[in-house]
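> Sequence and predicted structure, then a few things I'm wondering about:
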Amino acid sequence: MKRLLTGTALATLAFAGMGHADTTIELQRFFGACDTEFGNVTDVSQAVGECGIITALINKFEADNPGIDVNVTTVEWPGYDQLNAQLASRAAPDVVTMHYSAISDYQSRGLLDPVDDILAAQGIEPSAFTDAARSGVTKEGKMYGLPFDNWTMLFHVNLNLMKEAGLVNDDGTPILPTSVDELFAQGEQFKEATGKPYLVQVLANETAAYTRALYTFLQQQNSDFFADPKAVDLTTPEATAVVELLKKIYDEGLTTTGMDYAAAVSGFSNGDGGIAINGTWLIGDYVAQSEKEGTALSGGYTVYPIPQLFPGKDSTYADGHGWVLPKKDRSPEQVEAIGKLFKSLADNDFQWARTGHLPAVQAVFEMEEFQSLPHRANIAEIADTGQSLPPEVLRQFAIQDIIGEELAAAVHGDKSVEDALETAEKRINDLLDNI
Amino acid sequence: MAESYRRSRWSNALFVAPYLVVFFALLVFPLFWGMWLSLNKVDLFGGGQFIGLRNYARVLSDPVFHQAVRNTVVFVAVSVPTLVGLGLFLALALNKTTRGSSFLRGLYFSSSILSVTIVTLIWRIVFIPNDGLMALIFNVLGLEPIGFLSTKGWSLFSVGVATVWWCIGLPMMLLLAALQQIPADLYEAAALDNAGKWRVLTRITLPSIKPTIMLVAVIQIVMQFQLFGQALIMTNGGPAGSSRPIVMYIYETAFIRWDVGMGAAASELLFVIILCAAMFQYWISSRKEVA
Amino acid sequence: MADRSAFSPENLTANRTLFWIAAVLAALMLAPVLWILGLSLKNNQDLMHGTDAVFRAPYTLKNYADILVNSQVFGWFLNSLIVATGQTLGVLTLCSLAGYAFARLEFPFRRAIFIIVLFGLAVPEQAVIIARHQMFNWVGLHNTHIALMLPGMSSAFGVFLMTQFFNAIPKEIDEAAMLDNTSQFRIFWKVLLPLTLPAQATLGIFTFLLAWNDYWWPLISATKKEMYTLTIGIASTQTNFAQSEGLGFLSAQAIFASLPVVIVYIFFQRHIVTAVSGGAVK
């Protein structure tokens, strides 16, 4: 058996020496597997959904570049346990999907290669990307990944129910709150008219939703809670105001309760409430439902950024997906192949934007095709108002879990607001202190 | 001849040697390595710096760890007696060679064959609001639905229900095997004495399988202290950490926070806790025997 | 002989009332499975409007077809089968040998070693998993079947169980064999081992299930998709973040992933039952 293997290896080498060798890129990503539906699709416009579009994008790249072979491995979201294991055993793949919020962890530990030279070789200027996207991958002055998109939480609106509640303008757009007081007034009005909660939120078995809400509303108050990236400041009147807002929404019955992520997604489809606070990635699905007969969203769906409820500035917490390069030795051929892949992904960023995510490439916003995608005009401003945490903040996933847990306790009345914020601050700072 | 067979000989140890090699290489050695890691400030990617017992001090002073220990102890204290009691009941009820009881035996064991991802998927679909089976039942009965996975108290309870459902097969099987090893003449003698059913149960059946009951209890204590997947997937430890078990604390510390040293310290502490619990159980049951 | 059955252990422990209570509990036990089975036969879109759609036609096998057309599923299935079978055979071999020696033979430090092994029962996987990962890394064993099988073989549970079972066999049996000057290994192999069949079946099933359902170790050891086990592979294909729930498809995945173990179990269950009722020491 061993001899057979050696023989094959030798034969392969010999063969490789003769012809031009295929350069292989090991690519590892989440977004799921859907080869059965899209495995042979190279016309990206035929693909739908995150999984379908990324599969088709890579198929197209392989078809356009006969000498390059992309070997795709899908991992369970978010895939960092596996990546850590691979990095620990020096067996990391060539290209990996990573959230902007996780990049600093790996970069600060010297586990990633910068991509500036690779992008420059392909003629991609850093200024080609939106500010939000570029700053997401930029650490210590260098870009540590190809920005692919930005995503945020949004107000997904059920216009059918909003109409019932009298919260729709004459031009068919929804009336959305512009201050905390308006939020409660409109929420009350909605609840009275429809008998349903105003908001559909993910309040159970999840931490991300609470944390993103806190970041968003702190940003709207110009609170610089991570002025020192090694110490969060949550014992501020601004933070208290946000948590009290979230708690009041819960206490006054303006939100669905007890829903986990999946239940909240389908709850909004079923018309369980007026406005779902959930991510960009759902736009495509909800649009599809609104175009069908007989669903709760039929002919009555639209989507907006989270409105500015505090007078400071218009801002929304944003994160995004990027493609990073784990540190390893690469041949010039491989570097070039990766460069071509990045160029192809950047050139086709519009296709990815069809998922609902905001494009990372500035030029896509000017494309007519993009502007004619449903509702994109409403949310395009996020490219300017989207803001992530300062790039030096480490362990953002762990911080998110702590904030989410403590805020959930405050919202459900298990802890006082002050106690929850104090505990969260202490736990986060202890975590950051010990890195 | 019998003499020499009983004699202590090194060559007899050859039978144990293969297992011991694996045991020392893959359990004892990593365990000591883990102890070494727990004395270091270290992440997953090597390096590290010796800091003595600092990690232990941090774990022991962490209120989140205290809460996790409390949750786990409560969970074990409720789930283990339930598993042993229910397992014993089922073993007694199904200790027949009829088709019906063999079918039921199979049924009760069948849930054990599912993986944790599937068990939790099933129970999530039972417990979630709106679409869940419980919500449907509560609706039909006109009751106010309970947020099983999102209410303090209920969340750990729900994890417990899923766990008992998942784990009941093994205790039942082990106890059944023990029941069938009870020599028939014991029962014949009892029948001749016209002993009542209850007397037979308490005087013959239970004492005969007592070692197995203890075995089952110890196994379950060890297993339930390691509760993890069910809590992680069904409740994510919430709400407010009220269903976070120790193993989940270890996972979060080592893998999400990358604080491998502190995670290792917490897992050594878990090892000590399990050891104490198992020995306590052993001590309780052997003390009774003496008395 | 006719009234022998009246005195049989079965009739004195089991009774009709207990049986019926157990049957009712079994129905409760089964309800979630039937619920999932029902969901798996429904179109995802129908379920969006409410899961009570389960109680109405139409039903469909589309969810299962969607799983099967993924060409990688069979490779993952094969990996799981190889790993679970290999680990089971390994555990049975190691633990039977060790259990026999601990229960029957004398050798220096026997008690001390046995107690050390028992301590192993209390070691949680998390306490050793990082070190194990680094060790397999040194010898370059990651992404192999062997790497997935080996850690499970160090489990102390099997040794404990087999020692208990060997202890339960009356000493007279091997003492009789010893008078015939039979070698230790022959006594073990020909005389005692057949008597431990019920224990082998129990331990075998238990090990197979643990290996089949293992999650953390394969997740960090088998990081190439060709080496994924079924549990890891199926998890890696899920896209439910972007999609709405897809309850039907998820349920079908649950049923599909469990089907092979159900079959293995049904096959072996006959052996357990006969072994348990026939193999007991009379």
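Done, it's in.
> switch to C-alpha atoms for all contacts and neighbour counts from now on
Will do.
> Tell me where the stretch 1-150 of chain B has strands.
B:40-43, B:46-50 (DSSP state E, counting those that start in this stretch).
> packing partners for the last one?
By that I understand strand B:46-50. strand B:40-43 (3 or more C-alpha pairs under 8 Å, 6 or more residues apart in numbering or on different chains; DSSP states H and E).
> Please identify the pairing partners of the strand it packs on and their relative orientation?
With DSSP bridges as the test, strand B:40-43 is paired with strand B:46-50 (antiparallel).
> Out of the strands of the stretch 1-150 of chain B, which one sits most buried?
strand B:40-43 (a mean of 22; mean count of other C-alpha atoms under 10 Å in any protein chain shown).
> Once you drop chain neighbours, what's closest to the residue in the stretch 101-250 of chain B positioned nearest to chain C?
Closest approach between the stretch 101-250 of chain B and chain C, counting by C-alpha to the nearest C-alpha: B:S115, at 4.5 Å. Nearest residue to B:S115 in three dimensions, chain neighbours excluded: C:N213, at 4.5 Å (C-alpha to C-alpha, 6 or more residues apart in numbering or on different chains).
> In contact with that neighbour: list those residues for me.
B:113-116, C:231 (C-alpha atoms under 8 Å, 6 or more residues apart in numbering or on different chains).
> Would you check which pair of those residues lies furthest apart?
The most widely separated members of the contacts of C:N213, counting by C-alpha to C-alpha, are B:I113 and C:T231 (12.8 Å).
> Point to the helix or strand of the chain where mean pLDDT is at its lowest.
No chain specified, so I'll use chain A. helix A:2-18 (a mean of 45; mean pLDDT, DSSP states H and E).
> looking at chain B, which helix or strand does the model trust least?
helix B:2-6 (a mean of 51).
> was I right about C:I82 contacting C:I146?
No - using C-alpha atoms under 8 Å as the test, C:I82 is too far from C:I146 to be in contact (9.6 Å).
> ok, these two, which is more surrounded?
C:I82 (18 against 14; other C-alpha atoms under 10 Å in any protein chain shown).
> And the most centrally placed residue in chain C, how close does it get to chain A?
Nearest residue to the geometric centre of chain C (C-alpha atoms, centre = their mean): C:L209, 2.2 Å. Separation of C:L209 from chain A (C-alpha to the nearest C-alpha, to the nearest Å) stands at 22 Å.
> who touches that residue in this structure?
B:112-114, C:84, C:261.
> please redo it, this time with the cut-off set to 6 Å
B:I113 (C-alpha atoms under 6 Å, 6 or more residues apart in numbering or on different chains).
> Same check on A:T36?
Applying C-alpha under 6 Å, 6+ apart, the residues contacting A:T36 are C:N70.
> Please tell me how far it sits from C:F77.
The gap separating A:T36 from C:F77 is 17 Å, by C-alpha to C-alpha, to the nearest Å.
> same deal with A:D64?
The gap separating A:D64 from C:F77 is 34 Å, by C-alpha to C-alpha.
> Name the residue in those two with the higher neighbour count.
Between A:D64 and C:F77, C:F77 has the larger neighbour count (other C-alpha under 10 Å), namely 19 against 12.
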